[in-house]
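Peer 1: Need a 3D model of the following:
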Amino acid sequence: MKTNKILTGAALLVAGALGLSACSGGGSGDSTGGAVEMTLWQNSTTGPGQQFWKDAVAAFEKENPNVTIKMQSIQNEDLDGKLQTALNAGDAPDIFLQRGGGKMTAMVQAGQLMDLTDKISDSVKSEISEGSFKAETYQDKVWAMPLAVLPSGFWYSSDLFTQAGVTATPTTIDDLETVVGELKGAGIAPIALGAKDAWPAAHWYYNFALRECSPKTIEATGDSKDFSDDCWLKAAEDLEDFAALKPFNEGFLTTAAQQGAGSSAGLVANHQAAMELMGAWDPGVIASLTPDEKPLPDLAWFPFPEISGGQGEPGSMMGGVDGYSCSAKAPKECADFLNFIASADQQKAYYAAFSAPPVNTVAQEAVQEDYLKAVLAAYNKAPFVSQWLDTVLGQNVGNALNVAVVDLLAGKSTPQQMIESVATAAKKG
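Peer 2: Here you go, the predicted model:
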């Protein structure tokens, strides 16, 4: 796999001594054979995804009768904020979702994470690519267990495309604009967008930036937070021009991304919109929102189209690897649990539950859906893969970028003002 090309921004490039701030783990017990209790925070609140975690916890506890894991399901949009509050208060959960990039770097520098480098089992190392571990690496140490490959692209209804007379998926932005026109002509909302949550709207800018900016520029900005290269402005202008076509669902600025039938994922699930730009977790979310809560039969996928004249490498992808970390004071059994959920059997169960590509290469052999095979094929040959820019830039600058994109789409700012607002946030740190 080409996952060694994943951009981790400061997570790989910044050097310096780790901070020594204290952080008490949420677990208890002597961790030497006595009773051990750990806490787990994950972001699947309903359906098969939540059931996966319940089953994984139960299976691990059965194999380790001295261990009890208390799981808390937290809505995805709330998780980062609650986690940061808990980390800052020294009351972090033992096990939690790790986004990577600048967010992970800040946790490491604050002394809030367990070093997993020497705690990963040989079997897991043999079944998960080195590149996937690099996505969770900082200063040559591994700080999270990779679990899922989650690149971005368009999830679409092939039935609605056929209904509108669309005979081929777009490979260029010009093609995409043509498809938008054909769908609108057929009375179909072309693209679902849940801009209420900000980050789905920002994904559009991330992908335009990936086409306009060279990998070198994206990597450099991940560390410097310097947006002076013209490509960043050009990407904002591209997004403004595309949005002028009015390709999104009515009310997209107040539409949620993943909660309920009226969300952007719900619009695709119920054939109220033709497609959505989203990460590879989307099939599972869409499946949970169909009338029968089963996978959408006509779901298909294509990568973000290319742009003429951009500095990005053709075939590059936005997205990365999601993983799970242990807090600094978690018991040693935390690492045991991470090895357990990264095993081939658990990764197959993860894939079945989430309809998302697992990171374990043995488990990837179980993938059946054509759209997930297409995602993996594009991902494996991508010359460059960047993590989500808000992750790369860290929480403060990343959140400022997401909000700035929404303001642009709402007509509250110009492309130049958007870039200036993010640059101002970067100067504040």
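Peer 1: isn't Ala243 right up against Leu409?
Peer 2: Yes - between Ala243 and Leu409 a contact is recorded at 5.5 Å, counting by C-beta atoms under 8 Å. From N, CA and C alone the C-beta is placed, and that goes for glycine too.
Peer 1: So for these two, which residue has more residues nearby?
Peer 2: Leu409 (23 against 18; other C-beta atoms under 10 Å).
Peer 1: Dihedrals phi and psi, the more buried one?
Peer 2: Dihedral angles phi and psi of Leu409 (degrees, to the nearest 10) take the values phi -70, psi -30.
Peer 1: The one 5 residues further on now?
Peer 2: Its backbone dihedrals place Thr414 at phi -100, psi 170, with angles given as degrees, to the nearest 10.
Peer 1: any idea how far it lies from Val422?
Peer 2: The gap separating Thr414 from Val422 is 13 Å, by C-beta to C-beta, to the nearest Å.
Peer 1: Same check on Gly279?
Peer 2: Distance from Gly279 to Val422, by C-beta to C-beta: 22 Å.
Peer 1: Off-centre distance for stretch 124-135?
Peer 2: 18 Å (C-alpha atoms, centre = their mean, to the nearest Å).
Peer 1: now do stretch 417-429
Peer 2: On C-alpha atoms, centre = their mean, the centre of stretch 417-429 falls 23 Å from that of its chain.
Peer 1: Give me the mean pLDDT for it.
Peer 2: On average, the pLDDT along stretch 417-429 is 93.
Peer 1: now stretch 89-98
Peer 2: 95.
Peer 1: now what about that stretch, what contacts it?
Peer 2: 22-27, 38-43, 69, 72, 79, 83, 86, 104, 112, 136, 143-144, 322-327, 330-331, 334, 337-338 (C-beta atoms under 8 Å, 6 or more residues apart in numbering).
Peer 1: again with stretch 407-424
Peer 2: With C-beta under 8 Å, 6+ apart as the test, stretch 407-424 has contacts from 195, 201, 205, 225-228, 232-233, 236-237, 239-240, 243, 252-253, 397, 400-401, 404-405.
Peer 1: got it, and stretch 352-363?
Peer 2: Contacts to stretch 352-363, defined as C-beta under 8 Å, 6+ apart, come from residues 1, 44, 48-49, 51-52, 124, 127-129, 132, 146-150, 280-281, 283-284, 287, 295, 321, 342-344, 347-348, 350-351, 364, 366-367, 369, 372, 375-376, 379.
Peer 1: Hmm, Val321 is touching Pro151, no?
Peer 2: No - counting by C-beta under 8 Å, Val321 stays clear of Pro151, with 9.5 Å between them.
Peer 1: Tell me which of Thr414 and Val422 has more neighbours.
Peer 2: Taking neighbours as other C-beta under 10 Å, Thr414 and Val422 compare with Val422 leading, 24 against 15.
Peer 1: what about that one, helix or strand, and which?
Peer 2: According to DSSP states H and E, Val422 maps onto helix 415-428.
Peer 1: which one's the longest strand in the protein?
Peer 2: The longest strand of the chain (DSSP state E) is strand 145-157.
Peer 1: In it, which residues are buried?
Peer 2: 145-157 (16 or more other C-beta atoms under 10 Å).
Peer 1: Repeat that for stretch 377-396.
Peer 2: 378-379, 382, 384-395.
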